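K.L.:
this one's structure only:
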């Protein structure tokens, strides 16, 4: 009897030790998992029209969501973010820009007038919020350099590896081919750089509309091509793009809470679908932050 009791006690001790070992290793495995794996993925059920998309946290330099985010895509008027940045970094914000007939000959009419005088910084804001092609042409002409070369040099400096520009507007060519390419991730990095170094360039793009008087004393009321402006809480930058070749593009920067900035970019959606796609991704990202 004494021998059986000893055997039973030894068996019990061994069993308890095994349970303790399993519990310890399970705890260690859970602790080593990224926090996102312990929370239901809020992006898992999202269906996008966009062919490419990214949700980027610029503070942490981290991608939260990626869908073909490194695939070069036609940029359309998202190109104008680089146009604005290259113009701003190449001249004084107070440089005088005069609108020429050649500028106005570019497709589209945003209300600019021949021989109208602008301060460069104001024309940049007007060009971005209205997606003005003639404004972009005027900014490029004012540089008095091969402006697309400057755009591509700046892209290389910023490490935008999938990006290439051939005009300052993003308009398709007459044969239907797109003029500028870039990945969703490159666009997110470009916006992140601009916000960190020259946020004043993008301030008007958060507003539904913006009023400005040019140096020629002509009043302009600029309506934002981003129809989510005025409806997205925390929006502090945005840019649209649409051509036949590119489809619908949209990039936004939003603060989802107490200093929780995110940049969302969708490329290759539809003209209406780009707004739905961005709204879906922002809703999922907000849920992700709330579950932290």
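P.N.:
Thanks, I have it. Worth saying up front: this structure is predicted, and the values here are computed from it rather than measured.

K.L.:
state the distance from residue 80 to residue 49.
P.N.:
Note on residue 80: its distance to residue 49, by CB to CB, to the nearest Å, is 22 Å. Placement of C-beta: from N, CA and C, glycine included.

K.L.:
between those two, who's got more neighbours?
P.N.:
Neighbours were counted for residue 80 and for residue 49 using other CB atoms under 10 Å; residue 80 has more, 28 against 17.

K.L.:
and that one, what does it touch?
P.N.:
Going by CB atoms under 8 Å, 6 or more residues apart in numbering, residue 80 touches 127-128, 131, 136, 168-170, 239.

K.L.:
do the same with residue 150
P.N.:
86, 90, 143.

K.L.:
give me the buried entries from the residues you listed.
P.N.:
The neighbour count (16 or more other CB atoms under 10 Å) marks 86, 90, 143 as buried among the contacts of residue 150.

K.L.:
quick one: the second one from residue 144, how far?
P.N.:
Residue 90 sits 10 Å away from residue 144, going by CB to CB.

K.L.:
same question, the first one
P.N.:
Using CB to CB, residue 86 is found at 13 Å from residue 144.

K.L.:
got it, and residue 267?
P.N.:
32 Å.

K.L.:
okay, these two: which has more neighbours?
P.N.:
residue 267 (33 against 9).

K.L.:
looks like the more buried one contacts residue 51 (just checking).
P.N.:
Yes - the criterion here is CB atoms under 8 Å, and residue 267 meets it with residue 51 at 6.5 Å.

K.L.:
joint contacts of these two?
P.N.:
73, 247.

K.L.:
can you tell me the element residue 92 falls in?
P.N.:
Under DSSP states H and E, no helix or strand contains residue 92.

K.L.:
many thanks, we can stop here.
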